[in-house]
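S.K.: My questions concern the predicted model and sequence given below.
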Amino acid sequence: MLEIETQGLTKYYGKARGIIDLDLKIESGEIFGFIGPNGAGKSTTIRTLLGLIFPTSGSGRIFGLDIVKESKEIKRRIGYMPAEVNYYEKMDVHELLRYSARFYDSDSESRIKKLADTFALDLKRKIVDLSRGNKKKVSIVQSLIHRPKLLILDEPTSSLDPLMQATFFDILREENTRGTTIFFSSHTLSEVQNMCRRVGIIKEGKIIAVEDIDTLRKKQLRKIQVEFTHPVDTDAVDCLGVIAPRADKNFLNFMFSGNMNGLLDTLASKDIKDLIIEEPTLEEIFLHYYSDAKENDGKA
Amino acid sequence: MGKPSMLFNRNIYLKELKRFRTSVIAWCLSIDVLILMGMAFYPILMEEDMLKQITAFFENPFMKNIMSAFGATLDVMTNVLGYYVTRNAVFIMLIGSFFFILLAGKILAQEEHEKTAEFLLAKPVTRLEIAWTKFTVFFNCLVLLNVNILVIGFISLEIFKGNSEYRLTAFLIYSFYAFLLMLTLGAIGLFLSLLIKRGRPVTNVSIGIIIGVYFVDVLSKVTKSADKIGYLSPFKYVDSRVLYPDYGLIWWRVLYFLGISFVLIILTLLIYKKKDILV
């Protein structure tokens, strides 16, 4: 069964692009990573799904219900964490969480206490006095109180310390085991790759790929810079798995997706001065992954 | 649009009421002090020496014209209800108008401006519920403040009236006009706040509107030639001739206030229902 489904979902802010022709299918019970750089349209997608803004064209359904006409019904079963947390500053944490909980028909007090304990959240503090990290924790708790069937998380881990991130991921796994579907938006692949089964990549308002995380992982793309003791050409490293090499005087830059031992063996026989191996940015992965895929298609 | 009960959200209502509770009480108390202090001067005014001076003052044609713009003639000023209304017309109605145009201007828009709309709209509530409930809060504050004015006004009239007589119905009718005026200005504030992107405050525009329409009204009373433009101002529709023997509710005045308020509130609900909430 599909939890979220959009068809040609498009949003323009006047003439400015939001999202274009978005087709998404997210299955019930899955953890879906929604990845894209800042300004790609992640938040626009989420806000359209939640009914904060209305689509220019296209349609969307959550739990089989229309996102525009049946928004209230949908939101009974959704927990949402926005990218930037803004709450009523004069309230204290407990007041805010109670206010939030009263929108749902759920007995919340014990759940609030339990979640607050888990995230070491002081319920008595005023919202205005909270750090960004603590506001984020309040946001986590308020999104979970009513045991939602679908969690929509917009860059949820920004400003959480590593320990809290780990706790948060544990809770998400727990919720997912219970059957909660999770829509996890992030600008880094590394953040979601341990959680998600599939990821959708959004760039300049368009979905450019929806992939199984395993397929991506098999690619194991690395960004490599080799500094030689002498000027080199693009074919200086002749090894299987080198993608798009670029030579600049003594430097050779390329992407690598293959056997690392093979690469190191090849490099061992060269006169090299320095070697940098990095995880490429998401944009680089997809740029190369897809140009590569297209080339292969062409050859076939 | 559904039944009104379907539009009301108790949770939002209680939270908003709590949010504005302190400021409404503070404004009520300030207005009480103003009314009582103002009315305390009435007995002093009626002392013989003072009365002579005032009579002389009103014999000056220039002063007479100016004062009549504010509804103050000798007859009016020497009657306790006339005196109350003249003071009210200047202070209470203006203060109330400022308060309610500002309150209505921020009650809905502030969620957007302070970006809490993202929290609220992710909850299981419809746009209509939010807008209607917020309007209900505004309306309750309006009723509360006006009942407070009514009670304190009545008490102050009774305490300070001395030998002067007044008709209670005239006082009630005048107070009802003032209530309608504040309702209308509130509806204007609410409507305006929705036209602004990202809920930026409409404070300056609102204050400008009140001052503007108030002086249009004053101007129309000072100069006969400007009489007609007075009808552009909601203040003009408040009938303050409380000493007229046939003073009563005039249907077209009431209809004017209720009509404008009704149209603006319906428009507000419709716009809010369709509006992109940008945070």
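M.R.: Received it, and whenever you're ready, just let me know what you need.
S.K.: Every contact and neighbour count from this point should use C-alpha atoms.
M.R.: Noted.
S.K.: thought residue B:12 was touching residue B:133?
M.R.: Yes - assessed by Cα atoms under 8 Å, residue B:12 is found in contact with residue B:133 at 7.0 Å.
S.K.: which one of the two has more residues nearby?
M.R.: residue B:133 (24 against 21; other Cα atoms under 10 Å in any protein chain shown).
S.K.: Now do the contacts for residue 38.
M.R.: Just going to use chain A. residue A:187 (Cα atoms under 8 Å, 6 or more residues apart in numbering or on different chains).
S.K.: wait, I meant chain B there
M.R.: Residue B:38 is in contact with residue B:87, counting by Cα under 8 Å, 6+ apart.
S.K.: Look at it and report its pLDDT.
M.R.: pLDDT, residue B:38: 92.
S.K.: Tell me the first helix or strand C-terminal of the helix or strand bottoming out on mean pLDDT in chain B.
M.R.: When the helices and strands of chain B are compared on mean pLDDT, DSSP states H and E, helix B:4-7 comes out lowest with a mean of 68. As assigned by DSSP states H and E, the chain's next helix or strand after helix B:4-7 is helix B:10-45.
S.K.: Contacts made by stretch A:184-203 with the rest, please.
M.R.: Counting by Cα under 8 Å, 6+ apart, A:30-38, A:40-42, A:152-156, A:169, A:173, A:207-214, A:281-282 sit against stretch A:184-203.
S.K.: which residues sit in contact with the residue in the stretch 151-300 of chain A that chain B sits nearest to?
M.R.: In the stretch 151-300 of chain A, no residue comes nearer to chain B than residue A:152, which is 10.2 Å away by Cα to the nearest Cα. Residues counted as contacts of residue A:152 (Cα under 8 Å, 6+ apart) are A:46, A:78-81, A:182-185.
S.K.: which stretches of the stretch 101-250 of chain A have low pLDDT?
M.R.: A:217-218 (pLDDT under 70).
S.K.: Could I get the full set of helices for it?
M.R.: A:109-118, A:132-144, A:162-177, A:189-192, A:213-219 (DSSP state H, counting those that start in this stretch).
S.K.: contacts for stretch B:256-271?
M.R.: Stretch B:256-271 has contacts (Cα under 8 Å, 6+ apart) with B:128, B:131-132, B:180-181, B:183-184, B:187-188, B:190-191, B:194, B:234, B:237.
S.K.: same thing but 7 Å
M.R.: B:128, B:131, B:180-181, B:183-184, B:187-188, B:191 (Cα atoms under 7 Å, 6 or more residues apart in numbering or on different chains).
S.K.: mind listing what's buried in that stretch?
M.R.: Going by neighbour count (16 or more other Cα atoms under 10 Å in any protein chain shown), the buried part of stretch B:256-271 is B:256-258, B:260-262, B:264-265, B:268-269, B:271.
S.K.: Tell me the secondary structure at whichever residue of the stretch 1-150 of chain B sits closest to chain A.
M.R.: Per Cα to the nearest Cα, residue B:124 is where the stretch 1-150 of chain B lies closest to chain A, at 4.6 Å. Of the three states, residue B:124 takes coil according to DSSP: H, G, I helix; E, B strand; the rest coil.
S.K.: Nothing else from me, thank you.
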